[in-house]
Structures are given as C-alpha cells and as structure tokens.
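# structure of the sequence below:
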Amino acid sequence: MGPFFGLIFSIASLVGYWLTDIEILAGLAVFNVLLNLFNLLPILPLDGGHVLESIAFSINSKIGLMVSALGAVLGIYISYYFGLALLGFLLAIGSIEIFFEYKRRHLSELLPLNRYAQIVSAIWYVITVGGLCAIIWFVGQTGNDALSLPLNILSN
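A predicted model of the protein is given here:
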C-alpha cells in the first residue's frame, strides 16, 4: 500500500504545482514517483518483489521460486548494466530471501491468494506503476526542469 499512497501524494503535489506554478512541487512529485517506482521493481526484498512473490507462490511454489529467481537475476543484471553496483550487490544479498521463503512456505500459516486476489493484486500493481509513469511522462512534457533535480539527487 505504501507505493499507492506515494502515488496519491505525487498526484496531490502535481495538483499543487498546476494551481501555483511552484516548480518545487513538480520536483517533489517526480522525486516521490521515482522512489516509489524503484520500490515497485519486481525484485525481492522490494515491495514489487513481494507482490510478485505473493502472486507467483499462490499459483505454485515451483513457479513462484522460478519467477522470483528470474526477477532477482534480472534486477541484478540491470543494476550492473546501469552502473549501480551497490544496488546490484544489495539485491544479490536480498535475493537470499527467495531461498528462505521457498523453504518456509509450507510452514507458513498464511493462506495462498485465490484467483480473485491474484487478479486484483496484479491489477492494483499495474495501475499504481502506470499512474507513477504517467506522472513522469506528464512532467516531462511540461518542459520544465522538474525532472532534472530528482534525477541528480538519486544519481549522487
């Protein structure tokens, strides 16, 4: 739910920017969007990884393990490809959670998601990611420097 509330906060900041033309509000919206998009990457131990894991392990434990492992490998590759070695290292260490989750899955008292919950979770995830991406697209179309400040902060 955190990234969804981040989406609501970003929308509120963007509305404030539309009403006041204070560029820092657009920058705040974009910064918040970038943080939440990062958190929604489908890689453990991030929130997006937990969503992916919940849906995949509810379908089948072996499918869940394979999907989670592929997400982790993809995340580590992307991190190193873009020169984010520390992030890649942290994701590699965090990926150990996949193995422990698979081993503990049969001991858990949590019930797997039914088909309805899997669909709702997937739709909620896509809507949240789509909304966050739409904010970045919109701010990028306005032609101001609101995108550059958050990107500079995150790159340093």
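
# for this protein, what helix or strand is lowest in average pLDDT?
Least confident helix or strand of the chain, by mean pLDDT, DSSP states H and E, is helix 148-155 with a mean of 58.

# how about the nearest residue to the most centrally placed residue in the chain, chain neighbours excluded?
Centroid-nearest residue in the chain, with CA atoms, centre = their mean: L40, separated by 0.8 Å. Distance criterion CB to CB, 6 or more residues apart in numbering; nearest residue to L40, sequence neighbours excluded, is G48 at 3.9 Å. In short, each C-beta sits where N, CA and C put it, glycine included.

# likewise for L52?
P42 (4.3 Å).

# name the residues of the helix or strand containing V73 that are buried.
Assigned by DSSP states H and E, V73 belongs to helix 61-81. Buried residues in helix 61-81, defined by neighbour count with 16 or more other CB atoms under 10 Å: 64-65, 67-68, 71-72, 75-76, 79.

# for that helix, packing partners?
Helix 61-81 sits against helix 47-59, helix 85-94, helix 96-104, with contacts defined as 3 or more CB pairs under 8 Å, 6 or more residues apart in numbering; DSSP states H and E.

# now do the helix or strand encompassing V120: distance to the chain's middle.
If you go by DSSP H and E, V120 is part of helix 115-142. The chain centroid and the centroid of helix 115-142 are separated by 10 Å under CA atoms, centre = their mean, to the nearest Å.

# that helix - what's its average pLDDT?
For helix 115-142, mean pLDDT rounds to 83.

# what separation do you get for the residue sitting furthest away from the middle of the chain and L65?
Of all residues in the chain, T20 has its C-alpha farthest from the mean position, at 29.4 Å, by CA atoms, centre = their mean. Plainly put, T20 is 49 Å away from L65 if you go by CB to CB, to the nearest Å.

# nothing else from me, thank you.
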